[in-house]
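Trainee: following is a predicted model, sequence given first.
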Protein chains: 2
Amino acid sequence: MDISELGEFALIARLTAGLTSHSSSDVGIGDDCAVLDMGGDNLLLATCDSQVEGVHFTLQTSSPEHIGRKALAINLSDIAAMGGEPRYALISLLLPPHLSVDVLDGIYAGLRAEATRFNTAIVGGNISGVGVAQQICIDITLLGTVKRGYALLRSGAGAGDILCVTGTPGESAAGLSTFVRPSTTPTVPPFPQLSIDPQSLQYVRERHTAPTARVREGQILSQLGPDKVTAALDISDGLSGDLQHLCERSQCGVLLDLARLPLGEPLHTIARAYSRDAHDWILHGGEDYELLFTCAPDAFEAVHTAIRAQTGTPVTPIGLMTPASQGMQILYPDGHAASLVAQSWDHLKH
Amino acid sequence: MDISELGEFALIARLTAGLTSHSSSDVGIGDDCAVLDMGGDNLLLATCDSQVEGVHFTLQTSSPEHIGRKALAINLSDIAAMGGEPRYALISLLLPPHLSVDVLDGIYAGLRAEATRFNTAIVGGNISGVGVAQQICIDITLLGTVKRGYALLRSGAGAGDILCVTGTPGESAAGLSTFVRPSTTPTVPPFPQLSIDPQSLQYVRERHTAPTARVREGQILSQLGPDKVTAALDISDGLSGDLQHLCERSQCGVLLDLARLPLGEPLHTIARAYSRDAHDWILHGGEDYELLFTCAPDAFEAVHTAIRAQTGTPVTPIGLMTPASQGMQILYPDGHAASLVAQSWDHLKH
């Protein structure tokens, strides 16, 4: 059997089955980061994620600087999802032999700029595959710290908690769509002048090529304490898919209120131009790198105020956690509820 | 300009120029591991290294289990070179879509076996590139710890120190040669019955496909303290190339005594069969993962005895550190000395 027949999630489950933690305070596999107890006042957070040319980016649709920025941002987002402080990055590059030095310099400039922005030191790395690699791969391990007892986990939500999201998810997926299908009317490729609002277009494209990890927002959530903020993760697979991860780890159900999903003007504009339902992108689009979290009902005001005052980032309550027996439900504006089926992107199957 | 014109070491220098450490106790880039101060009793060690199909291994010459073992072993060796204790591994896999699940299971079995052998927990990872990757890439970040003040560095050697090596370097390169040129007489490929001693052949091949990191040996060197063991690194690029790194970082020269280089029977047998000078492999062959270290002259007996008694691994004194002005010299058995020119393998240029 080929691995492509197995699928990404089945493959990960197969490879991680039976892997156990070293000690009782290690969270191990299955959260946004591994949480490791090295004996100090803080716990160590560790995560690694890759960006592969042709899968996650192309040199036609992203600048080298954006490619570098995003490669670090997706890892910063994992630290953000635990409420941690990013500290150290190790960067492993797989490079095709005929890559131009200018492109590599641009990627590295993006990596460095993003590292500086989040006070992260690049402390190691390696370069390989130059003889044989067919595409660029940027694999980053990011280390961070979080105060003992304050790591945001996926597993802490309970029935009655309020489900919240930062920012406006769906815009990254919309931006990607405009690259895949650059115009709403057939024209000459690759990227002709479009008949849609250029500002909205540029905005959603940059949300895809240069996302910003919600590092400060995650730290504020962590500092509020686990009695206020009960669970969190970042949206990388898509809101519905990541919500499913949260429900599974917290042994909860959820009632998501469609009318409350935050929908900004740019996404509305793009959805109209492409005759698409913006809610599809919000619910099932990936690579948002917003934070999805739950808080105790009486803590919402404090959470909302703290994030808004210290970062300006909007926080929207989008649903209510329910007992596991109720599963994942979505409430439509007409008052009827239906099952919410997670649609995570599986890189092995597409 | 293509990156292949620049060369690996020039490229790494270009990318790491100007990267600085977070705090004064961070060693940062340029040693076998980054040494990071997270505030506890121990310092954190972090390293990452990749194995790429077609560059570092092939499925024709290595079993899947050996590929997995070696991918972890090369990282364990970096922790060993700092005298550290390996703790946590994050494993990032780039996989071609039509890889068989059996091969992947074998690689993972090798990874797990090696992790278990060195008490290392696999705590995270990711899988990517399945849609587009042309070859397997296994990229591992390994975290370890070392007692504050006891990390073995490349920079501590001084003139008068004794240069030592563990085990018998050169055997890995000899093993690789037997794969590249499987027989001493022209026959049908790929790997016919050879006219040379099969036990020696299997031994050198396994030294290449399944090297053992000198983790315990490194820990013993570290525990002896920096007044006894002054500098260390592992031999990955080849003895001469890594010796140059040690000399540069310690601002020393060296007088290497050719007659003292450890040469075992298997390498002698293979060299004779291939009409090759065994010393070429010992001096310039890569991927030995032995430790090259320096110790104070009056500490050699204690070092030798401790390693031998606790691990059984041979330690051989192979030269003397000299002032930097004398450069790298090699002493031949007839009494004349000549410049020793480092010949490191550059993956970008070959």
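Mentor: On my side now, so go ahead.
Trainee: mind checking which helix or strand of chain A has the lowest mean pLDDT?
Mentor: The helix or strand of chain A with the poorest confidence is helix A:8-16; it has a mean of 74 (mean pLDDT, DSSP states H and E).
Trainee: so which residues of the stretch 251-350 of chain A form strands?
Mentor: A:252-257, A:291-295, A:315-323, A:328-331, A:337-339 (DSSP state E, counting those that start in this stretch).
Trainee: show me what counts as buried in the third one.
Mentor: If I follow you right, that is strand A:315-323. In terms of neighbour count (16 or more other C-beta atoms under 10 Å in any protein chain shown), strand A:315-323 has its buried residues at A:315-322. For glycine as for every other residue, the C-beta is placed from the backbone atoms N, C-alpha and C.
Trainee: just checking, what packs against that strand?
Mentor: With contacts defined as 3 or more C-beta pairs under 8 Å, 6 or more residues apart in numbering or on different chains; DSSP states H and E, strand A:315-323 has these neighbours: strand A:162-166, strand A:252-257, helix A:300-311.
Trainee: out of these, indicate the one that is most buried.
Mentor: Comparing the helices and strands packed on strand A:315-323 by mean neighbour count (mean count of other C-beta atoms under 10 Å in any protein chain shown), strand A:162-166 comes out on top with a mean of 24.
Trainee: tell me the strands beside it, with direction?
Mentor: Paired strands of strand A:162-166, with direction, are strand A:291-295 (antiparallel), strand A:315-323 (antiparallel) (DSSP bridges).
Trainee: angle of that strand against helix A:300-311?
Mentor: Angle, strand A:162-166 to helix A:300-311, by axes from the mean of the first three to the mean of the last three C-alpha atoms, to 10 degrees: 10 degrees.
Trainee: keeping just the C-alphas, turn strand A:162-166 into CSV.
Mentor: Coordinates of each C-alpha in strand A:162-166 appear next as CSV, following Å, rounded to 0.1, in the frame of the first residue of the first chain:
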residue,chain,number,x,y,z
ILE,A,162,-18.1,30.1,25.3
LEU,A,163,-16.3,29.4,22.0
CYS,A,164,-14.3,32.4,20.7
VAL,A,165,-12.2,33.3,17.7
THR,A,166,-9.6,36.0,17.1
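Trainee: tell me how far it lies from the chain's centre.
Mentor: 14 Å (C-alpha atoms, centre = their mean, to the nearest Å).
Trainee: confirm for me that residue A:242 is in contact with residue A:292.
Mentor: Yes - Residue A:242 lies in contact with residue A:292 (C-beta atoms under 8 Å); the separation is 5.7 Å.
Trainee: quick one: which of those two has more around it?
Mentor: residue A:242 (26 against 23; other C-beta atoms under 10 Å in any protein chain shown).
Trainee: tell me which helix or strand that one sits in.
Mentor: Using DSSP states H and E, residue A:242 falls within helix A:239-250.
Trainee: can I get the helices and strands packed on strand A:315-323 in TSV including distance to residue B:51?
Mentor: Supplementary listing: those in TSV, determined by distance: least, C-beta to C-beta, whole Å:
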stretch	distance to residue B:51
strand A:162-166	38
strand A:252-257	41
helix A:300-311	41
